[in-house]
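Visitor: 3D model of this:
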Amino acid sequence: MTTTAALPWLRLSGPAEILSATPYLLGFHPANSLVVLGLRGTGLRFHVRGDLPDDRDDGEVLAEQYACMFAHHNVDAALLIGYGPAEPTGPFLFATRAAMLRHDIDVPEMLRAHEGRYWSLLCGSAECCPPEGRAYDVQTSTAAVEATVAGMVALPDRDAVVCSLAGPEGSGLAAIQEATDRAGLRLVRLATGRDVVPAVMSAGTAALAEAVARYRADQRLTDDEVAWLTVLLQVLAFRDRAWLRIDRDGRRGRAVHLRLWTDLVRRADPGMVAPAAMLLGYLHWRAGDGLRARVAVDRALDADPDYNGAKLMAEILDRAVPPAELPPLGQSRRRAVRRRKC
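Guide: You can find the predicted model right below:
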């Protein structure tokens, strides 16, 4: 399941425009999927994508889960889009609509799209909605133009998004593993005869500041620098400081942090990537990109299934918690301090 926040360029001006905008909202062209767009008033509140169920019984359960999720977020209405052939897409759409209505969520439109054509399943007019469907072209739509201007892309499918955050292979993998071994020895020398955590915090703060400056200048870290930062992030106190730095830099620094942490996730030793991947997942979630948040969190859990930070992010994504409902890390700490003082 993929969840994200609404994007400001979206214009819900009709079925073809909705269908053309959806791949840019998701970051890829969906197939065999249900997409639900939740509306509050006339604006898009948030949206969800999930795979089509294997059978009708699973579909009934999943439909109820979607309805409960959207009811929790107090949406007024939901637009349903099913991507796939008439079976099983149509029955699942109707099951989801029925569940939404049971939760007092209006469904003003319900579309099925397949092989470049769409059908409005709530339209009974053959003149308006012919049995053979209507053609639409994502590439030439107004929504596609607006998305491109906004810097959005729609990759061919979800696998392409996964590949875009994949770890190193071949000679790149061998090089970063050797660099990680050197970083491990460097950490041993740093900590010898000293309290480990203060030593790591000092070294890590300097390394992170250099990394942020480097990516702000559109430069990259060397393999040894990537490995050093990756090794230091294994210490939770420093991982939390990096997390706090992400929130402290806020929206203005988000693009820089996305470049930095994406590069680390792509280049780090796969066995050591969990902290960096979790932080990248957090960044994408804050930016409203639920798909890449999920892919990054999955990378973290693949590296370390027991990594608590990644499990926390997975739960946030599973529950479709929008970023607005959770304050940034630094902000929540400041509020806690103020409460204690009172």
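
Visitor: Quick check: Leu187 touching Leu229?
Guide: No: counting by CB atoms under 8 Å, Leu187 sits too far from Leu229 to count as a contact (11.4 Å). Glycine gets a C-beta too; all of them are placed from N, C-alpha and C.

Visitor: between the two, which one's more packed in?
Guide: Set Leu187 next to Leu229 and count neighbours by other CB atoms under 10 Å: Leu229 wins out with 24 against 19.

Visitor: where exactly do the helices run in the stretch 151-300 of the chain?
Guide: Assigned by DSSP state H, counting those that start in this stretch, the stretch 151-300 of the chain shows helices spanning 158-164, 170-191, 196-216, 223-232, 236-267, 274-286, 290-303.

Visitor: Just want the angle from the third one to helix 170-191.
Guide: Relative orientation of helix 196-216 and helix 170-191, computed by axes from the mean of the first three to the mean of the last three CA atoms, to 10 degrees: 140 degrees.

Visitor: same question, the longest one
Guide: Inter-element angle recorded for helix 236-267 and helix 170-191: 160 degrees (by the same axes, to 10 degrees).

Visitor: So Asn74 belongs to a helix, correct?
Guide: No: judged by DSSP: H, G, I helix; E, B strand; the rest coil, Asn74 forms no part of a helix; its state is coil.

Visitor: how far away is the residue nearest to it when sequence neighbours are not counted from Val75?
Guide: Distances taken as CB to CB, 6 or more residues apart in numbering place Arg40 nearest to Asn74, at 7.0 Å, with adjacent residues excluded. Going from Arg40 to Val75 by CB to CB, to the nearest Å gives 5 Å.

Visitor: Need the residues touching each of those two.
Guide: The contact sets of Arg40 and Val75 do not overlap (CB atoms under 8 Å, 6 or more residues apart in numbering).

Visitor: Looking at those two, which is more packed in?
Guide: Each of Arg40 and Val75 has its neighbours counted (other CB under 10 Å); Val75 has more, 22 against 14.

Visitor: What's the separation between the more buried one and Ala63?
Guide: From Val75 to Ala63 the distance is 15 Å (CB to CB).

Visitor: cool, Gly204 as well?
Guide: From Gly204 over to Ala63 (counting by CB to CB), the distance is 47 Å.

Visitor: More neighbours: which of these two?
Guide: More neighbours surround Ala63 than the other of Gly204 and Ala63, with 25 against 21 (other CB under 10 Å).

Visitor: For the more buried one, which residues are in contact?
Guide: Neighbour list for Ala63: 92, 95-96, 98-99 [criterion: CB under 8 Å, 6+ apart].

Visitor: Which of the residues you listed has the largest number of neighbours?
Guide: Thr96 leads the contacts of Ala63 on contacts (other CB under 10 Å) with 27 neighbours.

Visitor: Next one: the closest residue to that residue other than its chain neighbours, what pLDDT does it get?
Guide: Leaving aside its chain neighbours, Thr96 sits nearest to Ala63 (4.2 Å; criterion: CB to CB, 6+ apart). The model reports Ala63 with a pLDDT of 95.

Visitor: what does Gln219 give?
Guide: 97.

Visitor: And Leu7, by the same measure?
Guide: Reading off the model, Leu7 has pLDDT 45.

Visitor: Likewise for Leu244?
Guide: Per the predicted model, pLDDT is 95 at Leu244.

Visitor: Kindly provide the distance from it to Tyr282.
Guide: Here Leu244 is placed at a distance of 11 Å from Tyr282 (CB to CB).

Visitor: Of those two, which one has the most company?
Guide: Using other CB under 10 Å, the more surrounded residue of Leu244 and Tyr282 is Tyr282, with 26 against 14.

Visitor: Three-state assignment for the nearest residue to that one once chain neighbours are set aside, please.
Guide: Leaving aside its chain neighbours, Tyr282 sits nearest to Met313 (6.0 Å; criterion: CB to CB, 6+ apart). Met313 falls in the helix class when you classify it by three-state DSSP.

Visitor: was I right about Met313 contacting His284?
Guide: No: taking contacts as CB under 8 Å, Met313 lies outside contact range of His284: 9.7 Å.

Visitor: Pull up the overlap in contacts between the two.
Guide: Residues touching both Met313 and His284 (CB under 8 Å, 6+ apart) are Ala293.

Visitor: Give me the pLDDT for Thr22.
Guide: 87.

Visitor: Skipping adjacent residues, who's closest to it in space?
Guide: Val35 (5.7 Å).

Visitor: any idea which helix or strand comes after the helix or strand where the one you found lies?
Guide: Using DSSP states H and E, the element containing Val35 is strand 33-40. Using DSSP H and E, the helix or strand that follows strand 33-40 towards the C-terminus is strand 43-51.
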